[in-house]
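Enquirer: build me a model from this:
(chains A and B)
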Amino acid sequence: MSTTTMTLAKAITAGLDAVLAANPKSLLIGEDIGRLGGVYRVTDGLINTYGPDRVIDSPLGEAGIVGTSIGMAIRGYSPIAEIQFDGFVFPAFNQITTQLAKMRARSEGRFGAPVVIRIPYGGGIGSIEHHSESPEALFAHTAGLRIMAPSNAHDAYWMIQQAAACQDPVIFFEPKRRYWLKGEVDTENPAADAFKAQVIRPGEDATIVTYGPLVPVALAAAEAAREDGRSVEVIDLRSVSPIDFDTITESVEKTGRLIITHEAPTFGGIGGEIAARVSERAFLSLEAPVIRVGGFHMPYPVAKVEEQYLPDIDKVLEALDRSFAY
Amino acid sequence: MTNTVHETSEQALVQLLTPEGERRSNAEYDSFIQDVDAEMLRGFYRDMALTRRFDQEATALQRQGQLALWVPLRGQEAAQIGSGRATRPNDYIFPTYREHGVALTRNVDFPQMLRIFRGISNGGWDPRENNFHMYTMVLAAQMPHATGYAMGVQRDQAGWDAERLEKDGTAVVAYFGDGSSSEGEVHESMVFAASFNSPVVFFCQNNQWAISVPFHVQSKVALAERAAGYGFPGIRVDGNDVLAVLAVTRWALDRARRGEGPVLIEAVTYRMSAHTTADDPTKYRLDADEQAWVTRDPMLRLEKHLRDNQLADDAFFEQVVIDGNQMATRVREEAMAFPDPELSQSFANVYAEAHPLIQEELKWHLEYEAGFADNTEEGATR
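Expert: The predicted structure follows:
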């Protein structure tokens, strides 16, 4: 066993280090990722080990970062690009959706563009506009992309490596308010397949499905519910596209109640997709309607009121109450 | 001519063949075409003629309902053949969707190109065979790909000495047009290429029209002038002069290969035809404008040059027509014989690795389609 305590951010750093060490064709590109080590220091020190040709401080241009990453991938490289903040990915939206996602289909399977795009995402950090968003559903709607969101240090260390090894493009959403969350990382025993959801707390009476920054919230809510005599199962999706519906279905067939929570707005979100699939797969097992706990249909609010906007323990417990009262 | 930029900048154009087919000497660029003999000149003419004949056949196929759409290139043959013939096999080309002439120089088989426009494929050909990338339909989206590819080339060639770079180095050509020059990705691709000194040549065919919008709406200055803002050379070349385009592109590619960074070439030409077969240029441009460019037809000037200098005879030109017609017949036959694809094939290449949703939806689709099978037939097979 070689278990080390790391923050989630440092686990990603260590994972990136492992990728760069193992694959000479892998490289990092993004704004401020080299000498500064990224605004969250996730790439800190890597330029010293691998040099500026493999840890590229790029000009400031997201379409350029993703577009040149695609070009390097066509040439045979494995770029891992960083978009500095969630709300700044949109200048690259065209490159991601019309080019990156479709390269393999367009080439009739001859080649693709296995690029990883790392994006620190989500709110709860008291920041200004565009620094707290959760745009994963916008990308999940585009075929050709895979989307991961780790919730803990061990997963983060391994999932970034799985993303880098994947032959499909991966958007890797990093829960930035959990960057400093410490956890045990076993650098010898890999985490489960990134595309498999994990039951991280077993339960019998209800299921909470979540991912990324709300995993600790869901676990805390489940613990609080236990005090009310309710046994709540918590599933960490880990992969937002594809979604491991088998694990969710199996859980709901057992518990009969499902709460889905994410920071992204409820309307048109991942929760709606899960609710629809569960209604198709486990309709007769459901004891209550599926309930979603997400953001409101508004631009991400200003920092002074974001605590009221974000799903928290109380909102999840309230959803559980509604489910049990049905 | 309504294009004032073109008029004021006329003197700055590199031109080695006048519209009358006369060879003009040019101290700077003559050395880049010293090897061009009569046989090569005839070859360029033949390339241009075959390209135009292909364009004509594809337009006819569209009119006959055999293609969903066609993107004509008539008028731009010299810009495409000149630049394409300047490349080496190991150079990599990122075209827009109108580079049928460049495709010819890269030995892409013409019928394969029609797979895109017949609704059979979104890619058409295998780019790895000829280092000629797939067409990109979103304007300018291929530009940062070209810069990124060139960044990859730089890493592959790290540590090469000047001699090896000159001999075996790879350069990248990014094609775009006057319309797409307004897209942000052109800017970003040039910023990145300049910052990293990447071996990429930005080749703009300024054909004066972005569907119905004239060039002066895209830019108040000649596009080549924009290069100065990025810190690399920009050069305007007569895009209807195959020799000048060849010389200028060779110069730019050599320079890029040697590690001296990007160049922006603006080939001033004219889209003599419609934007696509769905377009109607009579709604936005004057017949007089079109007529003014007829005298500058890139094929006419090379024909004049070949004839006036006794470099080609009637038999040559007749043979080119015969070859063109034979090619057109083959293109038509092969295009019409392409089997229609099945939707079920479209599931195969969305992802490289196994994907549960794809598998689930494919299974559903196949079962649904099987439900339409004739009962008798089904019974017979059991």
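
Enquirer: contacts and neighbour counts: CA atoms only from here.
Expert: Fine.

Enquirer: quick check: residues of chain B near chain A?
Expert: B:121-126, B:134, B:138, B:141-153, B:155, B:185, B:188-189, B:191-192, B:195, B:346, B:348-353, B:355-357 (CA under 8 Å from any CA of the partner chain).

Enquirer: show the buried residues in these.
Expert: Taking 16 or more other CA atoms under 10 Å in any protein chain shown as the criterion, what is buried in those is B:121-126, B:134, B:141-153, B:185, B:188-189, B:191-192, B:348-352, B:356.

Enquirer: re the thing from before, let's see which of the residues of chain B next to chain A end up in strands.
Expert: If you go by DSSP state E, the residues of chain B next to chain A have nothing in strands.

Enquirer: for the lengthiest strand in chain A, packing partners?
Expert: Secondary structure of chain A read by DSSP E shows that its longest strand is strand A:258-265. Here strand A:258-265 touches strand A:206-210, helix A:270-281, strand A:291-295, helix A:313-325, going by 3 or more CA pairs under 8 Å, 6 or more residues apart in numbering or on different chains; DSSP states H and E.

Enquirer: partner strands of it and their direction?
Expert: In the sheet, strand A:258-265 lines up against strand A:206-210 (parallel), strand A:291-295 (parallel) (DSSP bridges).

Enquirer: how about the helices in chain A?
Expert: In chain A, the segments counted as helices under DSSP state H are A:8-22, A:46-50, A:62-74, A:93-94, A:103-106, A:136-140, A:153-165, A:215-227, A:245-255, A:270-281, A:306-309, A:313-325.

Enquirer: looking at those helices, which is buried most?
Expert: Comparing the helices of chain A by mean neighbour count (mean count of other CA atoms under 10 Å in any protein chain shown), helix A:62-74 ranks first with a mean of 29.

Enquirer: ok so, going back, any chance of the strands paired with strand A:258-265 in JSON lines, plus mean neighbour count and mean pLDDT?
Expert: Shown next, in JSON lines, are the strands paired with strand A:258-265 (neighbours: other CA atoms under 10 Å in any protein chain shown; pLDDT from 0 to 100):
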{"stretch": "strand A:206-210", "mean neighbour count": "27", "mean pLDDT": "98"}
{"stretch": "strand A:291-295", "mean neighbour count": "22", "mean pLDDT": "98"}
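
Enquirer: so which of those comes closest to B:Leu13?
Expert: With CA to CA as the criterion, B:Leu13 lies closest to strand A:291-295 of the strands paired with strand A:258-265, at 58.3 Å.

Enquirer: show me which residues of chain A sit near chain B.
Expert: Residues of chain A lying near chain B (CA under 8 Å from any CA): A:53, A:58-59, A:61, A:63-64, A:67-77, A:94-95, A:98-99, A:102, A:104-110, A:112, A:143-145, A:166-168, A:242.

Enquirer: of the helices of chain A, which is nearest B:Arg74?
Expert: helix A:103-106 (26.6 Å).

Enquirer: the residues of chain B next to chain A in helices, which ones?
Expert: B:142-153, B:155, B:185, B:188-189, B:191-192, B:195, B:346, B:356-357.

Enquirer: average pLDDT for the longest strand of chain A?
Expert: The average pLDDT for strand A:258-265 rounds to 98.

Enquirer: got the CA positions of that strand in CSV?
Expert: Written as CSV, here are the backbone C-alpha positions of strand A:258-265 (Å, rounded to 0.1, in the frame of the first residue of the first chain):
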residue,chain,number,x,y,z
LEU,A,258,-34.7,9.0,-5.9
ILE,A,259,-33.3,12.4,-5.3
ILE,A,260,-30.9,13.9,-7.9
THR,A,261,-28.8,16.9,-7.0
HIS,A,262,-26.4,19.1,-8.9
GLU,A,263,-25.4,22.7,-8.9
ALA,A,264,-26.3,23.3,-12.5
PRO,A,265,-29.8,24.7,-13.1
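
Enquirer: please enumerate the strands of chain B.
Expert: Under DSSP E, chain B gives strands at B:92-94, B:172-177, B:200-206, B:209-210, B:213-214, B:234-238, B:263-268.

Enquirer: pipe those strands into TSV and attach mean pLDDT, distance to A:Phe90 and mean neighbour count per row.
Expert: As requested, the strands of chain B are arranged in TSV below (pLDDT from 0 to 100; distance: least, CA to CA, whole Å; neighbours: other CA atoms under 10 Å in any protein chain shown):
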stretch	mean pLDDT	distance to A:Phe90	mean neighbour count
strand B:92-94	98	24	27
strand B:172-177	98	23	26
strand B:200-206	98	25	28
strand B:209-210	94	26	20
strand B:213-214	94	27	16
strand B:234-238	98	31	25
strand B:263-268	98	28	28
